[in-house]
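next come a sequence and a model predicted from it.
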Amino acid sequence: MSVDLSEVRRIAHLARIGVSEAEIPNLQGEINAILKFVKALEQVDVEGVEPMTSVIPMRLPMRDDVVTDGGIADEVLANAPLTEDGFFLVPRVIE
C-alpha cells in the first residue's frame, strides 16, 4: 500500500496540519516508508512470544491497597473558601 499526493493532502487536512505544496512530496515519501515498515512487521512470526511491558523482565513494585485520607486533611481544607465540620462547604446546586 502506498499513498499518492492527494491522500497526503487529505491526511494533513484530517490532522489539521498546515502543509505547503513543496512539503507534500517529502511527506509522501515518509508516509510510504512508514507503511512499508509496518508491512514488514506483518511478516514477523510472534507465535509463542509473550506480551511485554518493558524490554527487561521486571515486576512493578506493589503496595498495599489501603484507603486513607492522606493524613493532611487539615492542610487540604485550608485551601477551601468555606468549610464545616471537616468538609468542604459548597453552594447548593439542587433544590
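It's in.

top helix in this protein by residue count?
When the chain is scanned for its longest helix (criterion: DSSP state H), the result is helix 24-41.

so which helix or strand of this structure has the lowest pLDDT on average?
helix 73-77 (a mean of 90; mean pLDDT, DSSP states H and E).

and that one, what does it pack onto?
For helix 73-77, there is no helix or strand it packs on, judged by 3 or more C-beta pairs under 8 Å, 6 or more residues apart in numbering; DSSP states H and E. Just so you know, the C-beta spots here come from the backbone N, C-alpha and C atoms, and that holds for glycine as well.

quick check: next helix or strand after it?
The helix or strand immediately downstream of helix 73-77 is strand 83-84, counting by DSSP states H and E.

tell me the strands beside that following strand, with direction?
Partners of strand 83-84 in the sheet, by DSSP bridges, are strand 87-88 (antiparallel).

let me see the mean pLDDT of the partner strand.
Strand 87-88 carries an average pLDDT of 92.

now do stretch 19-31
Rounded mean pLDDT across stretch 19-31 is 95.

which residues touch that stretch?
Stretch 19-31 is contacted by residues 3-5, 8-9, 11-12 when judged by C-beta atoms under 8 Å, 6 or more residues apart in numbering.

can you name the two of those that sit furthest apart?
Farthest-apart pair in those is 4 and 12; separation 13.2 Å (C-beta to C-beta).

now, of the contacts of stretch 19-31, which are buried?
Those of these that meet the buried threshold are 3, 8-9, 12, by 16 or more other C-beta atoms under 10 Å.

would you convert these into TSV that also reports secondary structure?
TSV is the format used below for the buried ones among the contacts of stretch 19-31 (DSSP: H, G, I helix; E, B strand; the rest coil):
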residue	secondary structure
3	coil
8	helix
9	helix
12	helix
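
give me the neighbour count for residue 32.
Residue 32: 15 surrounding residues under other C-beta atoms under 10 Å.
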